[in-house]
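>>> Provided below for reference: sequence and predicted model.
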Amino acid sequence: MNITLEAASNALRAYLKAFVTFSDEEWGELAKEMTLRPMPKKYVFVRFGEVSNTVGFVLAGSLRQYYITPEGDELTTYFFFEGALVGGYMSFIGKKPSLVCIETMESVEILTFPYSTLEALYDRYHGWERFGRKLAEYLGLGLEERLLEHLMYSPEERYERLVKSHRTKILERVPQQYIASYLGITPVSLSRIRARV
């Protein structure tokens, strides 16, 4: 993908308008800290056990977020596609080692900047502070939705909800074993559910 840093910055700015419209001055303070980074498939963007400080905006490709159980199993909790912010949010906030891994599922082009820059902007500009609040609300709603899905619905209902949702990229682009993990079931169970549905 041939994209310039300026085009990538403009794409992120357009995406963030859903949260806040920034002045040129506010935007310029973040833009000067941005870097374009290509990443190969299976690249670990956020590593379990390390403090994360890099925020990314996905321009091309996909990533998955997962936990590693004490038994060594990977439990997928989220997917990131083009036009998504990605990072170890809990690690950023707590300044603690990440409890999750975020890894590329294919080659990725990503725009990155330090979370510490974002934190500094929260203190300096009302627009950035407002963005931080709205981002926290957005992430909180997403987390609650995922939690309720697992508590209130059977595996088959979770799959049916996924099929009927706007999250079609998951079904189109994610390997079956990761979809099964995301739904909290085995790949064999997913195959049975798909056959029934």
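Cool, the structure landed.

>>> How about residue 191: what's its closest non-neighbour residue?
residue 176 (7.7 Å; CB to CB, 6 or more residues apart in numbering). C-beta here means a position set from N, CA and C on the backbone, and glycine is covered the same way.

>>> by contact count, what packs against the helix ranked longest in the chain?
Across the chain, the longest stretch assigned as helix under DSSP state H is helix 126-152. With contacts defined as 3 or more CB pairs under 8 Å, 6 or more residues apart in numbering; DSSP states H and E, helix 126-152 has these neighbours: helix 24-31, helix 115-124, helix 155-164.

>>> Next, format those as JSON lines and append mean neighbour count.
As requested, the helices and strands packed on helix 126-152 are exported to JSON lines (neighbours: other CB atoms under 10 Å):
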{"stretch": "helix 24-31", "mean neighbour count": "16"}
{"stretch": "helix 115-124", "mean neighbour count": "15"}
{"stretch": "helix 155-164", "mean neighbour count": "15"}
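
>>> Reformat the ones you listed as CSV; add mean pLDDT and distance to residue 132.
Output for the helices and strands packed on helix 126-152, formatted as CSV (pLDDT from 0 to 100; distance: least, CB to CB, whole Å):
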stretch, mean pLDDT, distance to residue 132
helix 24-31, 96, 12
helix 115-124, 95, 5
helix 155-164, 93, 30
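
>>> Which one, of those, ends up nearest to residue 7?
Taking CB to CB, helix 24-31 is the member of the helices and strands packed on helix 126-152 nearest to residue 7, at 12.0 Å.
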